[in-house]
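**Q** turn this into a model:
(one chain, ligands or ions: 2)
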Amino acid sequence: MNTNAVLYNDLDRILVTREEIAKAVRELGEKLTEKFRGESPVFVCILKGASVFFTDLIREIDAPLTTDFMVVSSYGSSTKSTGVVKIVKDLDKPVVGKHVVLVEDIVDSGMTLSYLKRVFANREAASVSIVTLLDKPARRRVDLTVDYSCFNIPDAFVVGYGLDYDEKYRNLPDIGVLHPKIYAAEE
Ligand code: IMP
Ligand code: MG
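**A** Ligands and ions are numbered 1, 2, ... in the order given. Purely as a prediction, here's the structure:
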């Protein structure tokens, strides 16, 4: 990997490599294949952050799943949660009686997913499972059960593999800690 590349210059350090991600995604795919044997779940991608993880994950699952996409906003360009969750784009199909799997990039305060879990329970989904690539348990502000998480990470702002800062760095193949100099002006 060329760590002198444009995007890597803005990182403090690499936290999770593409090889570690690929292995974790494969293992998670096997677990979900097992869990949903005989079922036809709907996998919901929480855009945009989960997009890269989602497209890799669904290809590791051997089940007749369907996909749907949702856009929620909670952050804007800031690195701190506003605590406000808004559905900007909703699902295309109803989920009544369906096993719903919410796929997120990262659980931070937990506010986004605890809100969405309530939304899907109200819509009478048969079950709602939470899958996340990353979890920052130290930052949790609400009680939330995360069913599957690939990596627990420390309290640092990370980018790459779909995660952004101000819409940038989503195309970084690894996950890295953004150098604080990049967002220092904002604080
Ligand atoms: P929560 O509602 O506080 O759990 O926020 C979850 C959302 O915040 C995620 O889906 C991300 O979009 C964003 N987020 C939280 N931490 C980070 C981070 O370290 N890097 C990039 N986005 C983050
Ligand atoms: Mg997100």
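
**Q** give the rounded mean pLDDT of the lengthiest helix in the chain.
**A** Criterion DSSP state H: the longest helix present in the chain is helix 18-35. For helix 18-35, mean pLDDT is 98.

**Q** ok, stretch 14-21 near ligand 1 or not?
**A** No - residues of stretch 14-21 contacting ligand 1 under CB under 6 Å from any ligand atom: none, with a closest distance of 9.9 Å. Quick note: C-beta positions are derived from backbone N, CA and C, even for glycine.

**Q** what's the next helix-or-strand element following the longest helix of the chain packed up against?
**A** Per DSSP states H and E, the first helix or strand lying C-terminal to helix 18-35 is strand 42-47. Strand 42-47 is packed against helix 51-58, strand 66-73, strand 99-107, with contacts defined by 3 or more CB pairs under 8 Å, 6 or more residues apart in numbering; DSSP states H and E.

**Q** now these in CSV, with distance to ligand 2, mean pLDDT and mean neighbour count?
**A** Listed next are those as CSV, based on distance: least, CB to the ion, whole Å; pLDDT from 0 to 100; neighbours: other CB atoms under 10 Å:
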stretch, distance to ligand 2, mean pLDDT, mean neighbour count
helix 51-58, 10, 98, 20
strand 66-73, 7, 96, 16
strand 99-107, 5, 98, 23
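
**Q** need those in TSV with distance to residue 121, can you?
**A** Shown next, in TSV, are the helices and strands packed on strand 42-47 (distance: least, CB to CB, whole Å):
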stretch	distance to residue 121
helix 51-58	22
strand 66-73	15
strand 99-107	10
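
**Q** out of these, flag the one nearest residue 36.
**A** For residue 36, the closest of the helices and strands packed on strand 42-47 is strand 99-107, at 6.9 Å, according to CB to CB.

**Q** which other helices and strands contact that closest one?
**A** strand 42-47, helix 51-58, helix 111-122, strand 127-135.

**Q** check the ones you listed for me: which has the lowest mean pLDDT.
**A** helix 111-122 (a mean of 94).

**Q** can you tell me the closest non-neighbouring residue to the residue most central in space within the chain?
**A** Most central in the chain under CA atoms, centre = their mean is residue 105, positioned 1.4 Å from the mean C-alpha point. Nearest non-adjacent residue to residue 105, counting by CB to CB, 6 or more residues apart in numbering: residue 49, 3.5 Å away.
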